[in-house]
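1. Sequence plus the predicted model coming up.
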Amino acid sequence: MLKLTRHDYDSLRRHGEETYPHECCGILLGRVEGDGTRFVTSTARCGNTRTDSAHNRYNIDPKELVRIQREGHERGEDIVGFYHSHPDHPARWSSTDLAEAHWFGCSYVITSVEKGKAIVTTSFELTGSDETDKRLVDEPVEVA
Ligand SMILES: [Zn+2]
């Protein structure tokens, strides 16, 4: 399960509206609680480095990822997930999303944005033990 504050939830949905018709992407920072719930305490917006196909692909610059991870650690936060938007497509993961997901035990949040308006936000947990058996599994999202 993924828990977000109203502020962070609105912020990642707004990000998708702002970058429409391109995909937005960003990182969820927070902590994992005892029962495995990921609790988001901040979000970090990333630039989409995919200029060839920005409407249906996203990519986070590894240098940006490392910087955000380090700054999070300084605040006592870990990376607990990632988010991106699907302009004019449903909030379901694509085969590319699965192929490019590598952080086991993290949440992958997708927001569908139709005609510039954020519609549905869903989350999937990357489960499995390695690249051959990994899966994206539906998980509940709770906005507090
Ligand atoms: Zn996607």
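-> Done, it's in. The structure displayed is predicted, hence computed values, not measured ones. Numbers count the residues shown, from 1 in each chain.
2. Can you tell me the centre-most residue of the protein?
-> residue 83 (1.6 Å; C-alpha atoms, centre = their mean).
3. Quick check: bridge partners of that residue?
-> With DSSP bridges as the criterion, residue 83 is bridged to residue 26, residue 109.
4. list the contacts for it?
-> 12, 15, 24, 25, 26, 27, 28, 43, 108, 109, 110, 111 (C-beta atoms under 8 Å, 6 or more residues apart in numbering). (Glycine included, C-beta is placed from N, CA and C.)
5. a markdown table for the residues you listed, including neighbour count, pLDDT and distance to residue 73?
-> Below are the contacts of residue 83 laid out as a markdown table (neighbours: other C-beta atoms under 10 Å; pLDDT from 0 to 100; distance: C-beta to C-beta, whole Å):
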| residue | neighbour count | pLDDT | distance to residue 73 |
| --- | --- | --- | --- |
| 12 | 24 | 97 | 21 |
| 15 | 22 | 97 | 23 |
| 24 | 25 | 94 | 24 |
| 25 | 24 | 94 | 21 |
| 26 | 25 | 96 | 17 |
| 27 | 23 | 97 | 13 |
| 28 | 28 | 98 | 15 |
| 43 | 23 | 97 | 16 |
| 108 | 24 | 98 | 21 |
| 109 | 26 | 98 | 21 |
| 110 | 24 | 98 | 26 |
| 111 | 25 | 98 | 27 |
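6. Which one of those residues is nearest to residue 118?
-> residue 111 (5.3 Å; C-beta to C-beta).
7. So for the residue of the chain found nearest the ion, what's the pLDDT?
-> Going by C-beta to the ion, the ion is nearest to residue 97 of the chain, at 4.1 Å. For residue 97, the model assigns a pLDDT of 95.
8. Who are the contact partners of it?
-> 84, 108, 110, 136.
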